Every structure is written in C-alpha cells, then in structure tokens.
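**Student:** Sequence and predicted model, in that order:
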Amino acid sequence: MAAGDEIRRNMALFPIGIVMKLTDLTARQIRYYEQHELIQPARTAGNQRLFSFNDVERLLEIKALIEKGVNIAGIKQVMNPVGEGASEGTIMNEQSEVRRRELSEKQLHRLLKQELMVDKRMGRVSLIQGELSRFFNNK
DNA sequence: ATTCTTACA
DNA sequence: TGTAAGTA
C-alpha cells in the first residue's frame, strides 16, 4: 500500500463517543484497554482522546479476543505492542506487520494449547477467563 | 452535550 | 465492568 495510507490510518480523527458506536465497546472498556497499553490514542489540547482508524481496528481485535475468553495478559502476549506496527512504521513495514498478524494467530493457538498442558498442575495465573477458563481449569 | 479522572459497588 | 461525582 502507499505510504500515505499509513499516515491516514494513524491520523487521530474521532472522539470516544464515535469509537463506542464503531466498536460496540463502552467508554469504560476503551479507557481500560488504554490503561493497560493495548492502545495509545492521541489527545487534543483539552485532553480529549482522539482515535485513528488503526486504533479502532485494534479495539476490534481486542474485542474479538475478549469474546474468545482471553484476558488482558493473554492479549498482550498475542497482540503487537503499541507503538510498533503502525505509527513508527518504516516504509518497508507492510510485510512485517502482516507477519506479526500471522504470528499472533499462531501465538494464540500456542497460548490455548499451553493452557491445556499446564491446567493439571495448579498454581499458575490463567490467561483465559469465564466459560473458557472454567473448561480448562476444571473449576 | 461530551469527555475526563477517580473511586467505590 | 458499571456507575456516580465533580470538572474541563
């Protein structure tokens, strides 16, 4: 893709209200994910958050993982660290980002498989919660 | 009218 | 996570 697209995708455009409608996430959740460094929206002079298309896409990925039962710790392990991929991107960064996505998919599988293995021996903080967690941990 | 932070349920 | 409170 063109270099200009990268700029447009990272351009701070919409306030949290619009992002809420775009992602079906509550303001609470969006701010919470920011606190845990899953996203890094820009700020206006008045301290208002301004999200980019990339931020929205990231939030949708986070939402998908949450719905799969992965918690923040797990998401941090399978998702690219903020600051990488998009914003600080070099010109030849398109492929590396694609590779990261593929790698993340594999990491998610490894994560779930890893959970299956260690579920027998207790004393470990799980990366999955809810129904999924109960299934794996036999609680 | 919206959003922000902090704090408690 | 939800929500109330007091601001900006």
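**Tutor:** Arrived safely.
**Student:** Now A:His109: which helix or strand?
**Tutor:** Following DSSP states H and E, the helix or strand that holds A:His109 is helix A:93-118.
**Student:** same for that helix, what does it pack against?
**Tutor:** helix A:72-78 (3 or more C-beta pairs under 8 Å, 6 or more residues apart in numbering; DSSP states H and E). Bear in mind the C-beta positions are built from the backbone N, C-alpha and C, glycine included.
**Student:** Run through who's touching the helix it packs on.
**Tutor:** For helix A:72-78, contacts defined as C-beta atoms under 8 Å, 6 or more residues apart in numbering pick out A:33, A:36-38, A:62, A:65-66, A:70, A:104, A:107-108, A:111, A:125, A:127-128.
**Student:** at 10 Å what do you get?
**Tutor:** A:32-33, A:35-38, A:61-62, A:64-66, A:68, A:70, A:82, A:103-112, A:114-115, A:125-129 (C-beta atoms under 10 Å, 6 or more residues apart in numbering).
**Student:** cool, and stretch A:31-38?
**Tutor:** A:16, A:25-26, A:30, A:39-41, A:49, A:51, A:55, A:58-59, A:61-63, A:65-66, A:71-73, A:75-76, A:79, A:81-83.
**Student:** Name the nearest residue to the residue in chain A that DNA strand B sits nearest to, sequence neighbours excluded.
**Tutor:** Of all residues in chain A, A:Gly17 sits closest to DNA strand B, at 2.3 Å by C-beta to the nearest atom of the strand. Of all residues not flanking A:Gly17 in the chain, A:Ala27 sits nearest, at 7.9 Å (C-beta to C-beta, 6 or more residues apart in numbering).
**Student:** and if you look at A:Leu112?
**Tutor:** Excluding its sequence neighbours, the residue lying closest to A:Leu112 (C-beta to C-beta, 6+ apart) is A:Ile128, at 7.4 Å.
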